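Visitor: quick one: sequence and predicted model below, then my questions.
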Amino acid sequence: MAGSGPRAGLPRLAPAVIARPNIDAWLANYAQTPLRILAAPAGSGKTTAAVAYLAQRPSATAYARLSDGDDAAKVRSRIGRALGVRTTDSYEALIDTLADAAPIEVCVDDADRASPEALEELNRLVADAPSNVGLIYLVRSRLGLDANELLSRGLAALLDATALAFEADDVSRLATLLGVAHAPADAAGLVQATDGWPIVACAAVRECVDANTTLAGAFARWSERGARHFARFLAAELERSTDFDLDAFARLVASPDASDVHLLESLEERGLFVRFVGGAYRPYRVVAQLAPAGGRAEIGAPKDAPIMFVRMFGRFEAVIDGRPVAWIRRRDAQLVKYLMLRPSGTASRAELRQTFWPDTDFGLATQSLRTACSNIRKAIAAVVGYEDVERYFQARGDVTVNLAQTALDVRRFSAHVGDGDAELEHGNAQEARAHYAAAERLYSGELLGGEPPEPWYAARAEMFKALYIGVLQRLADLSADAGDIAQTGAYRERLRSLESPGDPARPAHFASVGAPTIAAS
């Protein structure tokens, strides 16, 4: 059922593609994990890596590429065609089609370009697909895909931009393949200049072929002759981004500041040319050099767009530009919390009525929801003004909290845990420890601690607590390995205290390890 053969539908690759044995090994090692996520900015080699891997697999494979705004029906249709089936007119039919095609590995490229509704189905598919169906999602942004929760539940594995980046050996193999003379120092220098970004490193090596030169000075020559084409690519990628991303990126380029952790972390999660390396976030060097000449002026001057910082661990709090949002009623705040725990920040009106007013007359429930949405708008407008409310909250059709305009501690916590696990898997203990430490600082208490438990978040609270205990265990082990006796003792004491009944979420004696604030990284 997988089309005309096990390789049906795979796109063509460039004529000269080097083997990436480490990436092939990673994809093969996690083949039994329901979902493998390759998440990195455009030009990171996600498609090349996935297609090269699928092309040499012994079992059947399928490949589907999505376009901007594809709805759920369109996504099902694209996957169905990749599987050799003309119609998959329902989610259940897609599951049946996958079962008929199994065993098979299915790659969905540009998965994050789908509509929010379609992303919800792609998230569901991870749990619902038959066990002998392996899914691979290629994304720039992890925001719409519920990557953090899937990683936390062990249903997914993540390969990020740092893992996809070229190393000196990769550059050397490409130069050899293309007949470009080089010394080891030349390959290492190109990696340093390009951050190992495959699209730039490959372009610089090919520039050597065109100019019939050695690899020495390749990046400088590419900057003079070929960078203008890359600048157009960069401008096109920026144009596809949200207003928030554009404004944030403009601020970053205009005034680079490594201490602006929230901005850098937010852009990295969205796949917008920021990497986490050496325990810190930083923008790609090439982007910082070329963005002013890459059409940025045509996008418009940056606007004042303060992020809403949200604490959901412990006491709930939302702050914009240093001013807390004062919710009018408890139900209004509950609605906001519910949306913020959704992968896309969006829920249908029917879902909200069923969740918060399940036993209420339809008309009354509809009016209650309308009132709650109006109150949420008023509360946000009291801080930013009505003209900017829709940057944070929208209630036309589906009800949405704009996650692109928020910094949520729960999302950042899960992202750091997932990234820490990935770094540990690759043997990068120092970077793993930095991620786990950042996650530990963010956990300032159980999810919505102190509030009456409600079914829509109770399971999430238990999941986050279990993750936090795991973080402390890893930090204790990594600190011990690093010879940091004081930190090792503090983390182990915290673990012991969590085992005691009635233990508070975060006792004062543990503050020395890093007491969090609303703006903690």
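Guide: Great, that's in hand.

Visitor: which elements pack onto the host helix or strand of residue 229?
Guide: Here residue 229 is covered by helix 227-239, with elements defined by DSSP states H and E. In this structure, helix 227-239 packs against helix 198-211, helix 243-254, helix 285-290, helix 296-299, with contacts taken as 3 or more C-beta pairs under 8 Å, 6 or more residues apart in numbering; DSSP states H and E. The way it works is simple: take the backbone N, C-alpha and C, and place the C-beta from them, glycine included.

Visitor: and residue 458, how many neighbours?
Guide: By other C-beta atoms under 10 Å, 12 other residues sit near residue 458.

Visitor: mind checking how far it is from residue 344?
Guide: Noted for residue 458: a distance of 21 Å to residue 344, by C-beta to C-beta, to the nearest Å.

Visitor: for residue 286, same thing?
Guide: In this view, residue 286 and residue 344 are 31 Å apart by C-beta to C-beta.

Visitor: comparing the two, which residue is more hemmed in?
Guide: Applying other C-beta under 10 Å to residue 286 and residue 344 shows that residue 286 carries more neighbours, namely 25 against 20.

Visitor: that one reaches residue 196, doesn't it?
Guide: No. If you go by C-beta atoms under 8 Å, residue 286 and residue 196 don't touch, sitting 10.8 Å apart.

Visitor: pull the number of nearby residues for the residue lying closest to residue 368 once chain neighbours are set aside.
Guide: In space, and not counting its chain neighbours, residue 368 is closest to residue 357: 5.6 Å by C-beta to C-beta, 6 or more residues apart in numbering. Neighbour count for residue 357, taken as other C-beta under 10 Å: 18.

Visitor: and the strands in the stretch 351-500 of the chain?
Guide: Here the stretch 351-500 of the chain has its strands, by DSSP state E, counting those that start in this stretch, at 393-394, 399-401, 406-408.

Visitor: dump those to CSV, plus mean neighbour count and distance to residue 67.
Guide: As requested, the strands of the stretch 351-500 of the chain are arranged in CSV below (neighbours: other C-beta atoms under 10 Å; distance: least, C-beta to C-beta, whole Å):
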stretch, mean neighbour count, distance to residue 67
strand 393-394, 20, 23
strand 399-401, 24, 22
strand 406-408, 21, 27
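
Visitor: which among the ones you listed is found nearest to residue 29?
Guide: Between residue 29 and those, the shortest gap by C-beta to C-beta is with strand 406-408, which sits at 31.0 Å.

Visitor: which strands and helices sit next to that closest one?
Guide: helix 261-269, strand 308-311.

Visitor: list the pairing partners of the next helix or strand after the longest one within its sheet, with orientation.
Guide: When you say that, I think you mean helix 261-269. On the C-terminal side of helix 261-269, the nearest following helix or strand under DSSP H and E is strand 274-277. Strands that pair with strand 274-277, judged by DSSP bridges, come out as strand 280-283 (antiparallel).

Visitor: looking at this, residue 107 is in a helix?
Guide: No. Counting by DSSP: H, G, I helix; E, B strand; the rest coil, residue 107 is not part of a helix but strand.

Visitor: give the contact list for it.
Guide: 50, 51, 54, 61, 62, 63, 64, 135, 136, 137, 138 (C-beta atoms under 8 Å, 6 or more residues apart in numbering).

Visitor: change it to 6 Å
Guide: Going by C-beta atoms under 6 Å, 6 or more residues apart in numbering, residue 107 touches 50, 63, 136.

Visitor: and which of those is nearest residue 349?
Guide: So of the contacts of residue 107, ranked by how close each gets to residue 349 (C-beta to C-beta), first place is residue 136, at 33.9 Å.

Visitor: spell out the secondary structure type for the closest one.
Guide: Following three-state DSSP, residue 136 is assigned to strand.

Visitor: that one and residue 491, how far apart?
Guide: Plainly put, residue 136 is 35 Å away from residue 491 if you go by C-beta to C-beta.

Visitor: could you chop the protein up by domain?
Guide: The chain breaks down by automatic domain parsing into domains covering 21-164, 168-225, 232-299, 308-407, 416-513.

Visitor: nearest to residue 115, of the strands of the stretch 351-500 of the chain?
Guide: Closest to residue 115 of the strands of the stretch 351-500 of the chain is strand 399-401 (C-beta to C-beta; 12.4 Å).

Visitor: the residue nearest to residue 194 when sequence neighbours are not counted: neighbour count?
Guide: Spatial nearest neighbour of residue 194, chain neighbours left out: residue 200 (4.3 Å); criterion: C-beta to C-beta, 6+ apart. Neighbourhood size, residue 200 [other C-beta under 10 Å]: 26.

Visitor: cool, and residue 158?
Guide: For residue 158, the neighbour count with other C-beta under 10 Å is 22.

Visitor: could you list the single helix or strand in the protein with the lowest mean pLDDT?
Guide: One helix or strand of the chain scores below all others by mean pLDDT, DSSP states H and E: helix 296-299, with a mean of 37.

Visitor: any idea which residue sits dead centre in the protein?
Guide: residue 142 (2.3 Å; C-alpha atoms, centre = their mean).

Visitor: pLDDT score for it?
Guide: At residue 142, the model reports a pLDDT of 86.

Visitor: please look at it and residue 268 and confirm they touch.
Guide: No. With contact defined as C-beta atoms under 6 Å, residue 142 and residue 268 do not form a contacting pair (9.0 Å).

Visitor: dump the contacts of residue 107 into CSV; add neighbour count and pLDDT as well.
Guide: Listed next are these as CSV, based on neighbours: other C-beta atoms under 10 Å; pLDDT from 0 to 100:
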residue, neighbour count, pLDDT
50, 26, 96
63, 25, 96
136, 25, 98
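
Visitor: any chance of these in CSV, with distance to residue 124 too?
Guide: Compiled in CSV, these are given as follows (distance: C-beta to C-beta, whole Å):
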residue, distance to residue 124
50, 22
63, 21
136, 17
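
Visitor: out of these, which comes closest to residue 414?
Guide: residue 136 (20.5 Å).

Visitor: any stretches of the protein with poor pLDDT?
Guide: 1-8, 242-248, 250-260, 290-305, 499-521 (pLDDT under 70).

Visitor: residue 75 in helix, strand or coil?
Guide: Quick answer, by three-state DSSP: residue 75 is helix.

Visitor: for the residue nearest to it when sequence neighbours are not counted, give me its contacts.
Guide: When the adjacent residues along the chain are set aside, residue 75 lies closest to residue 118, with 4.5 Å between them (C-beta to C-beta, 6+ apart). Residues in contact with residue 118, defined by C-beta under 6 Å, 6+ apart, are 70, 71, 72, 75.

Visitor: with only the CA atoms kept, save the helix or strand that contains residue 118 in CSV.
Guide: In this structure, residue 118 sits in helix 116-128 according to DSSP H and E. The C-alpha coordinates for helix 116-128 follow below in CSV (Å, rounded to 0.1, in the frame of the first residue of the first chain):
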residue,chain,number,x,y,z
PRO,A,116,-3.7,24.6,14.4
GLU,A,117,-6.5,22.0,13.9
ALA,A,118,-4.2,19.9,11.7
LEU,A,119,-1.4,20.2,14.3
GLU,A,120,-3.8,18.8,16.9
GLU,A,121,-4.3,15.8,14.7
LEU,A,122,-0.6,15.3,14.1
ASN,A,123,-0.1,15.4,17.9
ARG,A,124,-2.9,12.8,18.4
LEU,A,125,-1.4,10.6,15.7
VAL,A,126,1.7,10.0,17.8
ALA,A,127,-0.3,8.1,20.4
ASP,A,128,-2.9,6.6,18.0
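
Visitor: so how far is it off the chain centroid?
Guide: Centroid displacement of helix 116-128 relative to its chain, using C-alpha atoms, centre = their mean, to the nearest Å, is 16 Å.

Visitor: quick one: residue 403 from residue 459, how far?
Guide: Per C-beta to C-beta, residue 403 is found 20 Å from residue 459.
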